[in-house]
Each structure stands twice: as C-alpha cells, then as structure tokens.
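Peer 1: I'll drop the sequence and a predicted model, then ask my questions.
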Amino acid sequence: MNLENAYDLILVGSGNGACGFLSKYLDQFKDLKQSDSPRILVLESGKDFFDTSDITHQNNWTKSYAEGKIFQLHNAQTPDDVPIISGWANTMGGGGSINYAMIHESSSWLSAHIGQDVDYWDKLKYELNDRLECLNPTQRQTQLTKYILQSAEEEGFRPQDPKNHIRNIPSYRDLPDGNSNQLYLFSTQFNSFGQRTHSGVSLIDELYNRIDLITLCQVTRLQFDQTKPGDLRCKAVQVKYVDKEETDSFFLKEEGRIILCAGAATPRLLMPHSQALNNPEIGKHASDHIAIPLGIYRLKEKDRLGKELHVTPRDNYASIFATTVWQPRADEPGHATVCTFEFFTGNFERLWFFISHIYLAFLLPNFIKKIMIRTPRLFNSFKMIRFLVEKLNAVFNLGEEFDLITAIVKFNPAAEGEYLREDNRINLSFFKADQDKKVAETVITQQLPLMEKLGDKPHWCLQLILRFFDIPFDKSQVNKYLDRYSKKYLLSQQHMAGGCLFGKAIDNGVVNPDHTGKVYGSTNVHVADLSASPLPRVSPQMTAYLIGFHVATQLLQRFGRLG
C-alpha cells in the first residue's frame, strides 16, 4: 500500500448526512494551509448535484423522479412478500428538487434516541440552521399557502408560533396536553428563479477545495484487518465506477477513519462483516414512512376573500405540514403515532407527471411490481406512460384550464423492519400490526372534510378512475380503500432509516465523544446518516443533516477547536 496516496478520512456517500458532517468537520481546518489540512475523500455513486439541472430546478421536480439514474427503487417488501414502492434519489447533496421539506424532529426525541441532552440539540439546531440561511417562511407565503392555512385552522388545526422556529426552520413540538393538530410552515429552498439554493450542498459549497470528490463511484466492499480480537480496522474501500464498469481501491492512513453516509447502503456494506464484528444489530430496526395518497380534488376557484386562487410553481409542493397524533384508547394496545399531511397542487398535467412514477403502486399487480423493483429498465420503461398526459389532460380539462389539489398522509409503521442478505432485500413491516390500519382509518376519516374544504370533487371521469383504485371521497369508503391498499398498493415515503442504531449497532459517544457513531467491533468505522437513528416522526431531511453535524461535532473534540 502506498501511504503517500492514503487518506485521513473517507466518506462513503455525499447525501444529507455527509453534507451535515462536512459542514462542521471542514470549517475547523479552513484557516490551515491546504498542505496541513486532513486529506479527505468523498465517494458518491450518483451524479454531481450542479451538473444535474433536473435536480436543482423547481420546475423539474417531477422530471427528476422520472430519470432512472437519479431515482432508484429499493427491493422492499413486507414479511408477507407484498412489494413496496420505495426508492431513493441517487445524487450528491441528497434528494431531488422535490425534497425540500424542512422540519426538525423534537429535541426531546433526539435526546432519547441518540443521546445528549435537550439543550445540546437546541444549540446544535441553531448552529446548523444558521448555516442554511433560510428566509422567514411567514414572510413569503403564497396565496395558496395562506388558503390552506386558513382552511386547516377552520378544521381545528393550530399554527405553530413562529417564535418557536429556530432560525426560520420549525421543530416538531411534543404536546402531551391540548390540541395535537398542528400546522408547520417551512421555508422553501428555492430562489426567485426556481433554483434550489439551500440543499445540503450549500452547506459545504465554499469548502470543496478541502476534499477530493469522485462521483459515479459506488463503494462495493470494506476491507478490514483484525488488529486484536473483537477489533477490526478498515484499511481500504473497494469501488466500482458506475459509468465505466472499472474497479479500484482507496486506502486509509494508519489513523484514518471511514464515515458511512450512504443511507440504505450503509447497513448493507457492514452486514457481510457483522459476524466478524460480533455485531448482530447491524441491519436491524429499519423503517420507512407509510405514505397513503388521498383523493384528487378540483381546487376551489376563489379564496375566502373572493380572490381568484393563483397556483405558482412554488405551490406544486406546498410549503406547509399539517400534523395530528393518533392515540390508542385506554382499552386497546398501541402507542401514540404522529401523522403528517403534505399538500400538492397544480394543473392535471403537472400532478399526473408526479403520479405516473411515484404512484405506480396503483397501476400494477404485485407479481409485476416484484419484477419491476428488481429490473430498473422495466421501471423506467413503464414510466413512459407519462407521455399520455397531454391526451388525458385535454379530456379532463374539457377545454378549460383548472388546478387540482391532493394530499398524502404519512406515518411510522408500528412494527420495525430489517435488511436481509438475500437479494439485497429490505423487509418493511407495513400493516403487520393492527395499529397501522387503525391509524390510517382514523386520521383519513377525520381529515376528509379538510380536503373537501380545499377543493371540489373532480370530473366524474377522473373520479371513476380513482374509485377503481378505491381512493375514497366519502368516509364510508375509507375502510375498503385501506383493505385493498395494504394488500396491493403499498407505497413508502422514500425515507429509509435505521439499520445501525446509536446504542445498538454503533456507539452513542456518551462515555467517549471520539467514539460517537463508531460501529461496535471496529476501531475506525463511523456512521453519520439516517441509518444511525430510528425513523423520525416527521420528514427526516433536517434530522439527517443534524446527525452528520452531531457526529462531526463530537469527533472534533479531540482537536480542541470547537467553535
């Protein structure tokens, strides 16, 4: 091994966790000469964020998910072999142009599941949020956002006080007493030209000269040496160049470290070594949000003041969450579950682009979906149906342009899943517990009046299509919809988490900060992405940033340069 070309630090993946990690880790060395800085390599299996306009521009939010090299499917199924449409955006910076929902999990939840106290997480959020420089969402509300807010308030939801935002980014609030129906405004990550400017990449934009970045480079294996019984040291990573089908290896210095920020690939890279690491918790406790689409409605033509409602491109994914909490009755088993509603608006053509490749779960029988999940070319070919949109648009508009509104409800499943070695499969325990159906039935039934307040039932032709898939427009139809959904239509929110949890598969660093995120049984491998935590109850983007930021903060204590 040529140590002259070895690295002090190798990051596997450049998604949200990696961006959070590098944002903190790199600025501790920005005053040093380049030659005195640690030598850092970042390996990314996807494309460069800045070379992919489909990812960086708001108007391409649907196109980016129709691009097979950017959006890919997991081999995800239930323990009963029902396939689940679950995917990830394979690109530097994490996520696509649709992925800009900004809300933190509560500091009390972070403290309970990751370690440290509540004050620590509040301070860390403040520092991270300050770097993102998000604008105040209450000062940039579109007419449609105001309309959704007012309609939701009339249905009993309560807006979060903007004073509780940390640098213009909300944190979910645990409210044991009082109204659990909350509204959270989040700042969009787009400028007035529709360009995504506040992604994870923006956290490290000025520090790129401190790293070696290689994109379209997939890590296929970690190479370990055994230093002593029970301690394995990773000495190198093996890679495959995606566009060349060539292989290579990159080596670490003697004191070098590996930081795994590869999302679902993180537990998969560690699982072949779990026995040697004596770490059976690797691959366990995995989950994703169950996502259930609600009906598509024709948006009201006017707001409460009689003004014609105007939908802007910023409203295609409305910058507001509505959350509610399902509580079991005293006489039934289960635990409280947070449910989040997200709203999508636009004309039929724009919404159908989204539906044609995210809601594929509604269009195919299970045996075909199983094949499609394992055959990316088939998945990409099937999405070609989106070219029928223009014809369908003409039919449903009937010569008249109008906008639609729809929503999804998402929540954590009651039972955990796991990664399996065979077929790179992920078992997600959707609807394994009775609670999942009770949660969905309760909250959908409760919030159908909100959808009816926001819009009118669409043309009978579109209603007929949606009713073919049992999508409900009436409370009496919800139960039948969920029965069929749980057996045929399963859709995740593309939010894989878990597999290498703090305190189970990796060290929480409470005793020794230098061990934060370190994989038990290894001497130099750390995890700094969502696989290190249970699935957050709300959208996990900010939690992913924060986990990377947290691991870097703890590791840097040995330098005595924290600021």
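Peer 2: Great, that's in hand. All values reported here derive from a predicted model rather than from experimental measurement.
Peer 1: now A544. Its backbone dihedrals?
Peer 2: phi -60, psi -50 (degrees, to the nearest 10).
Peer 1: the residue lying closest to it once chain neighbours are set aside: what's it in contact with?
Peer 2: Leaving aside its sequence neighbours, A544 sits nearest to N16 (Cβ to Cβ, 6 or more residues apart in numbering; 3.7 Å). Where you see a C-beta, it was placed from the backbone N, CA and C, and this is true even at glycine. N16 makes contact with G93, G94, G95, G200, D529, L530, Q541, A544, Y545, G548 under the criterion Cβ atoms under 8 Å, 6 or more residues apart in numbering.
Peer 1: so how far is G548 from N16?
Peer 2: Separation of N16 from G548 (Cβ to Cβ, to the nearest Å): 7 Å.
Peer 1: any shared contact partners between these two?
Peer 2: Both N16 and G548 are contacted by D529, under the criterion Cβ under 8 Å, 6+ apart.
Peer 1: give me the neighbour count for K235.
Peer 2: Residues lying near K235 (other Cβ atoms under 10 Å) number 19.
Peer 1: what do you get for D161?
Peer 2: Residues lying near D161 (other Cβ under 10 Å) number 9.
Peer 1: tell me the pLDDT of it.
Peer 2: Per-residue pLDDT puts D161 at 81.
Peer 1: what residue is smack in the middle of this protein?
Peer 2: In the chain, the residue lying closest to the centroid (Cα atoms, centre = their mean) is H495, at 3.8 Å.
Peer 1: quick one, what contacts that one?
Peer 2: D288, H289, L530, L535, S539, P540.
Peer 1: would you list those in JSON lines and tack on pLDDT?
Peer 2: Listed next are the contacts of H495 as JSON lines, based on pLDDT from 0 to 100:
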{"residue": "D288", "pLDDT": "96"}
{"residue": "H289", "pLDDT": "95"}
{"residue": "L530", "pLDDT": "96"}
{"residue": "L535", "pLDDT": "96"}
{"residue": "S539", "pLDDT": "91"}
{"residue": "P540", "pLDDT": "93"}
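Peer 1: from these, which single one is nearest L149?
Peer 2: For these, the closest approach to L149 (Cβ to Cβ) belongs to S539, at 18.1 Å.
Peer 1: so who does that closest one touch?
Peer 2: So S539 contacts A101, M102, I103, F321, T340, H495 (Cβ under 8 Å, 6+ apart).
Peer 1: now the helices for the stretch 51-200 of the chain?
Peer 2: With helices called from DSSP state H, counting those that start in this stretch, the stretch 51-200 of the chain shows them at 53-56, 61-66, 107-114, 118-132, 143-154.
Peer 1: quick one, the fourth one and helix 107-114 angle?
Peer 2: Using axes from the mean of the first three to the mean of the last three Cα atoms, to 10 degrees, the inter-axis angle of helix 118-132 relative to helix 107-114 is 110 degrees.
Peer 1: can I get helix 118-132 in PDB, CA atoms only?
Peer 2: Taking Å, rounded to 0.1, in the frame of the first residue of the first chain, the C-alpha atoms of helix 118-132 are listed here in PDB:
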ATOM      1  CA  VAL A 118     -32.200  18.700  25.100                       C
ATOM      2  CA  ASP A 119     -30.200  21.900  25.400                       C
ATOM      3  CA  TYR A 120     -27.400  20.300  23.300                       C
ATOM      4  CA  TRP A 121     -29.800  19.600  20.400                       C
ATOM      5  CA  ASP A 122     -31.400  23.000  20.600                       C
ATOM      6  CA  LYS A 123     -27.900  24.600  20.300                       C
ATOM      7  CA  LEU A 124     -26.900  22.300  17.500                       C
ATOM      8  CA  LYS A 125     -30.000  23.100  15.600                       C
ATOM      9  CA  TYR A 126     -29.400  26.800  15.900                       C
ATOM     10  CA  GLU A 127     -25.800  26.400  14.600                       C
ATOM     11  CA  LEU A 128     -26.800  24.200  11.700                       C
ATOM     12  CA  ASN A 129     -29.900  26.300  10.700                       C
ATOM     13  CA  ASP A 130     -27.800  29.400  10.800                       C
ATOM     14  CA  ARG A 131     -25.600  28.000   8.000                       C
ATOM     15  CA  LEU A 132     -28.600  27.200   5.800                       C
END
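Peer 1: buried sites along that helix?
Peer 2: Y120, W121, L124, K125, E127, L128, N129, R131, L132 (16 or more other Cβ atoms under 10 Å).
Peer 1: contacts for that helix?
Peer 2: By Cβ under 8 Å, 6+ apart, helix 118-132 touches 20, 23, 102, 104, 107-108, 110-111, 166-169, 171, 198, 202-203, 542, 545-546, 549-550, 553.
Peer 1: same thing but 6 Å
Peer 2: Applying Cβ atoms under 6 Å, 6 or more residues apart in numbering, the external contacts of helix 118-132 come out as H104, S107, S108, L110, S111, I166, R167, I169, H198, L203, F549.
Peer 1: neighbour-wise, which of these leads?
Peer 2: H104 (29 neighbours).
Peer 1: and which of the contacts of helix 118-132 is nearest C500?
Peer 2: L110 (16.6 Å).
Peer 1: give me the nearest residue to the closest one, chain neighbours excluded.
Peer 2: Nearest one to L110, counting by Cβ to Cβ, 6+ apart, is W121 at 4.6 Å.
Peer 1: give me the pLDDT value at that neighbour.
Peer 2: 97.
Peer 1: the one 10 residues further on now?
Peer 2: As summarised for this prediction, R131 has a pLDDT of 89.
Peer 1: E254 versus that one, what's the distance?
Peer 2: As for R131, its distance to E254 is 32 Å (criterion: Cβ to Cβ).
Peer 1: one step back: between the helices of the stretch 51-200 of the chain, which one is closest to L32.
Peer 2: Nearest to L32 among these is helix 118-132 (19.9 Å), distances taken as Cβ to Cβ.
Peer 1: as JSON lines, the helices of the stretch 51-200 of the chain with distance to N181 would be great.
Peer 2: JSON lines is the format used below for these (distance: least, Cβ to Cβ, whole Å):
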{"stretch": "helix 53-56", "distance to N181": "34"}
{"stretch": "helix 61-66", "distance to N181": "28"}
{"stretch": "helix 107-114", "distance to N181": "19"}
{"stretch": "helix 118-132", "distance to N181": "24"}
{"stretch": "helix 143-154", "distance to N181": "8"}
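Peer 1: right, so of those helices, which gets closest to P83?
Peer 2: Among the helices of the stretch 51-200 of the chain, helix 61-66 comes nearest to P83, with 18.3 Å by Cβ to Cβ.
Peer 1: for that closest one, give the mean pLDDT please.
Peer 2: 61.
Peer 1: next: stretch 300-318.
Peer 2: The model assigns stretch 300-318 a mean pLDDT of 82.
Peer 1: returning to what we had before: and the residue nearest to L110, how far is that from M542?
Peer 2: W121 is 11 Å from M542, by Cβ to Cβ.
Peer 1: what does I471 give?
Peer 2: I471 is 31 Å from M542, by Cβ to Cβ.
Peer 1: kindly report the same for T323.
Peer 2: Per Cβ to Cβ, T323 is found 15 Å from M542.
Peer 1: higher neighbour count, the two?
Peer 2: Between T323 and M542, M542 has the larger neighbour count (other Cβ under 10 Å), namely 27 against 23.
Peer 1: in the stretch 101-250 of the chain, what spans have low per-residue confidence?
Peer 2: In the predicted model of the stretch 101-250 of the chain, residues 176-179, 189-197, 206-207, 227-230 satisfy pLDDT under 70.
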